[in-house]
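A.B. asks: Structure here, sequence nowhere to be found:
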C-alpha cells in the first residue's frame, strides 16, 4: 500500500493531465471562434445584413437574401420534419415495443448515419429532377430528412421519461388513449421537445452539402418555394472558393453571421432545457 | 342494500404469474370495503380489475366476471373508457398533472375529453368534497406541484370526484402521507360514503378498521376471508387472518 503522500502525488499528476487534455481540446474551438470573429467583424455593417450581394469588383453588398433564404429553407424543413419526427417519436415511445417499432428505430439509426451529401443527392433525385429546377422546397426536403431521425429518437426518449403514473391517472379518468398520449404525455414532454427541435434546427441551418444541388443559390431576393434560393452556407462556400479577395472577406463575415445564428439557437435550446429542469 | 360490485370467480395473470385466484365477493352500495394483505398478494390487481386498468399492463390476462350494477364489465359493447368515468381511481402516490394548474387538474377528466367552459362551480364542489377548498381557494391558478404531498393527494381525490363516479377505488391512498394528511383522507372517506361505494387497499390495519364496513383479507392471490370489519379484526374465522391482523406475519 502506498503512502498518503504518494497517492496525493498521483492524484495531482492525474488532475493536471486531465486539465491539459481539456486545454488541448479547447484550442481548436477557441482558435476557430477567434479566427471567424477577428476576420469577419470588419465586414459587418447594417448593409451586410440587409443588402443583396454586389457584383464582382463593386463595393458593398451583403447577404440579406442568404440570411432570409436560410430561414426560409429551414422553415420548410421544420414544416415537414417536425411533425414527422415528433410523431414518429411518440409512436416509438407509446407503441414501439413491436416489430414495426424496432424497424423504425433501426431505420432512424441508419438514416442518422447517412452522410449529408448523400441526403442531398436523394433530394435532388426526388424533388429537383421531377420539378426540373432547383428550389427552396428541395433544400427543405433535404434538411428535413436530416432532422427527422434525431428528432424521432430524442422525442422517444423524452416521452418515455414521462412518468407512467401520469398516463394511468389520465386513463383512470376515462380519457381515451390517443387523447392521453396527446394532451397529457406529449404536453408534459413538450418543453424538452421544444429544446430538441431548436437543436435540430441549429444543426440543419449549418448544413451546406445537402443544399449545394437542391436549393442551389440565388443572387437576388426570393420568396418562392419553387425557385433557387440563397443560403448562408452555400453563399459562404461560393465566396470562399472564388478567386477574389473581397469575396474572401465576405465569406468570413457571412461565417460570423452563421455562427451567431446557430450559436444563439443552441443557446436558446439550452436555456429552455435548463428552465425545464429547475 | 343494493349490490354495487359483484365479483365472481375472478382470476388474473401477469405473463406467467397467477396474481388472483378465483376471487368472489360482493360490495353493497354506499359501503366501504377495505382490502388488506401482505405485499404482492393481489390487492392492487383486484381493484385494477374493477375499472379495467389491469388489462393495460402488457401481458395481463383475466377470467371470471366483474359486475357493476349488474352489468358485466367484459360484456361486448362495454367501453372501458366509459366505465372508468363511473369507477374512479386514486393511486398510491399523488399524481397530479405537473403542467396544469390546480383548477385545471380538477377538471382534467372533463377538459381532456373535450368538455369546455363554466366549470368553476364544479371545481369548488369537488375541492370542498375533498376537504381542500379552504387551503387552495386563493391560488387555484398556481401549479399543482406547489401543493404539499397530502394536498396533492386530496387534489387527486377531487379530480376523481369531479367526473362524478359511482365507485371510487383507492389503492393505498395514504401510504405516502404523514399522519395528519392521513387522518384528513380517512375523514373524507367517511363523508364520501354517503354518495359513493368505496374500495380501499391498505397496508395499515388500523386504517382498515377505522374506515371500512367490510374487510377482505388476501393472501398469495386468494381471498382468505371476507366479512364485517369488526368480525375480521376481533373474531376472524381463519387462523391465517388472525395471524395477519395480530401481526404474526406479513
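C.D. replies: Thanks, I have the structure now. No experiment lies behind these values; they were computed from the predicted model shown. Numbering: from 1, shown residues only, chains lettered A, B, ... in the order given.

A.B. asks: so who does the closest residue to residue B:178 other than its chain neighbours touch?
C.D. replies: The spatially closest residue to residue B:178, leaving aside those adjacent along the chain, is residue B:150, at 6.6 Å (Cβ to Cβ, 6 or more residues apart in numbering or on different chains). Glycine gets a C-beta too; all of them are placed from N, C-alpha and C. Residue B:150 makes contact with B:177, B:178, B:180, B:181, B:182, B:184, B:185 under the criterion Cβ atoms under 8 Å, 6 or more residues apart in numbering or on different chains.

A.B. asks: Let me see the ranges of the strands in chain B.
C.D. replies: Counting by DSSP state E, residue ranges of the strands within chain B are B:3-14, B:17-28, B:32-36, B:60-68, B:71-72, B:87-90, B:167-171, B:197-201, B:214-219, B:222-228.

A.B. asks: Show me which residues of chain B sit near chain A.
C.D. replies: B:51, B:53, B:56, B:58, B:81-85, B:88-89, B:91, B:93, B:95-99, B:108-109, B:112-114, B:156, B:159-160, B:163 (Cβ under 8 Å from any Cβ of the partner chain).

A.B. asks: Please report the confidence value the model assigns to residue A:46.
C.D. replies: What the model reports as pLDDT for residue A:46 is 89.

A.B. asks: next one: the one 3 residues further on
C.D. replies: Here, the pLDDT recorded for residue A:49 equals 90.

A.B. asks: Residue B:71 is in contact with residue B:78, isn't it?
C.D. replies: Yes. Counting by Cβ atoms under 8 Å, residue B:71 sits close enough to residue B:78 to count as a contact (7.0 Å).

A.B. asks: buried subset of the residues of chain B next to chain A?
C.D. replies: Buried by 16 or more other Cβ atoms under 10 Å in any protein chain shown: B:51, B:53, B:81, B:83-85, B:88-89, B:91, B:93, B:95-97, B:99, B:108-109, B:112-113, B:156, B:159-160, B:163, out of the residues of chain B next to chain A.

A.B. asks: Below-threshold pLDDT in chain B: ranges please.
C.D. replies: Applying pLDDT under 70 to chain B picks out residues B:116, B:250.

A.B. asks: can we see that at 80?
C.D. replies: The model of chain B has pLDDT under 80 over residues B:1, B:114-119, B:249-250.

A.B. asks: which residues in it form helices?
C.D. replies: B:43-50, B:80-86, B:102-106, B:108-111, B:120-129, B:133-136, B:149-162, B:179-192, B:205-211, B:229-234, B:239-245 (DSSP state H).

A.B. asks: list the helices and strands the last one packs on?
C.D. replies: It refers to helix B:239-245. Applying 3 or more Cβ pairs under 8 Å, 6 or more residues apart in numbering or on different chains; DSSP states H and E, one finds that helix B:239-245 contacts strand B:214-219, strand B:222-228, helix B:229-234.

A.B. asks: and with 10 Å instead?
C.D. replies: strand B:32-36, helix B:205-211, strand B:214-219, strand B:222-228, helix B:229-234 (3 or more Cβ pairs under 10 Å, 6 or more residues apart in numbering or on different chains; DSSP states H and E).

A.B. asks: Mean neighbour count and distance to residue A:40 added to these, as a markdown table?
C.D. replies: Output for the helices and strands packed on helix B:239-245, formatted as a markdown table (neighbours: other Cβ atoms under 10 Å in any protein chain shown; distance: least, Cβ to Cβ, whole Å):
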| stretch | mean neighbour count | distance to residue A:40 |
| --- | --- | --- |
| strand B:32-36 | 26 | 72 |
| helix B:205-211 | 19 | 71 |
| strand B:214-219 | 25 | 73 |
| strand B:222-228 | 17 | 77 |
| helix B:229-234 | 17 | 80 |
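
A.B. asks: Let's have these in JSON lines, adding distance to residue A:51.
C.D. replies: Output for those, formatted as JSON lines (distance: least, Cβ to Cβ, whole Å):
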{"stretch": "strand B:32-36", "distance to residue A:51": "77"}
{"stretch": "helix B:205-211", "distance to residue A:51": "77"}
{"stretch": "strand B:214-219", "distance to residue A:51": "79"}
{"stretch": "strand B:222-228", "distance to residue A:51": "83"}
{"stretch": "helix B:229-234", "distance to residue A:51": "85"}
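
A.B. asks: Look up how far residue B:188 lies from residue B:210.
C.D. replies: Using Cβ to Cβ, to the nearest Å, residue B:210 is found at 12 Å from residue B:188.

A.B. asks: Could you find the closest non-adjacent residue to residue B:6?
C.D. replies: Closest to residue B:6 by Cβ to Cβ, 6+ apart is residue B:67, at 4.1 Å.

A.B. asks: Wait, the one you found touches residue B:75, no?
C.D. replies: Yes. Under the criterion of Cβ atoms under 10 Å, residue B:67 is in contact with residue B:75, at a separation of 9.3 Å.

A.B. asks: Same drill for these two, tell me which one is more crowded.
C.D. replies: Ranked by neighbour count (other Cβ atoms under 10 Å in any protein chain shown), residue B:67 and residue B:75 place residue B:67 first, with 17 against 9.

A.B. asks: Pick out the residue closest to the middle of chain A.
C.D. replies: Nearest residue to the geometric centre of chain A (Cα atoms, centre = their mean): residue A:203, 1.7 Å.

A.B. asks: Quick check: phi and psi on residue B:114?
C.D. replies: In terms of degrees, to the nearest 10, the main-chain angles of residue B:114 are phi 90, psi 10.

A.B. asks: cool, residue B:37 as well?
C.D. replies: Torsion angles, degrees, to the nearest 10, at residue B:37: phi 150, psi 160.

A.B. asks: Tell me, how many residues neighbour it?
C.D. replies: Residue B:37 is flanked by 25 other residues according to other Cβ under 10 Å.

A.B. asks: go on, residue A:83?
C.D. replies: With other Cβ under 10 Å as criterion, residue A:83 counts 13.

A.B. asks: now do the one 5 residues further on
C.D. replies: The burial count assigned to residue A:88 is 23, neighbours taken as other Cβ under 10 Å.

A.B. asks: Name the residues of chain A found near chain B, please.
C.D. replies: Proximity of chain A to chain B, by Cβ under 10 Å from any Cβ of the partner chain, involves residues A:97, A:162-177, A:179-180, A:182-184, A:187-191.

A.B. asks: Buried ones only from those residues, please, as a ChimeraX command.
C.D. replies: Those of those that count as buried under 16+ other Cβ under 10 Å are selected in ChimeraX with:
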select /A:162,166,167,168,169,170,171,172,173,174,175,176,180,183,184,187,188,189,191
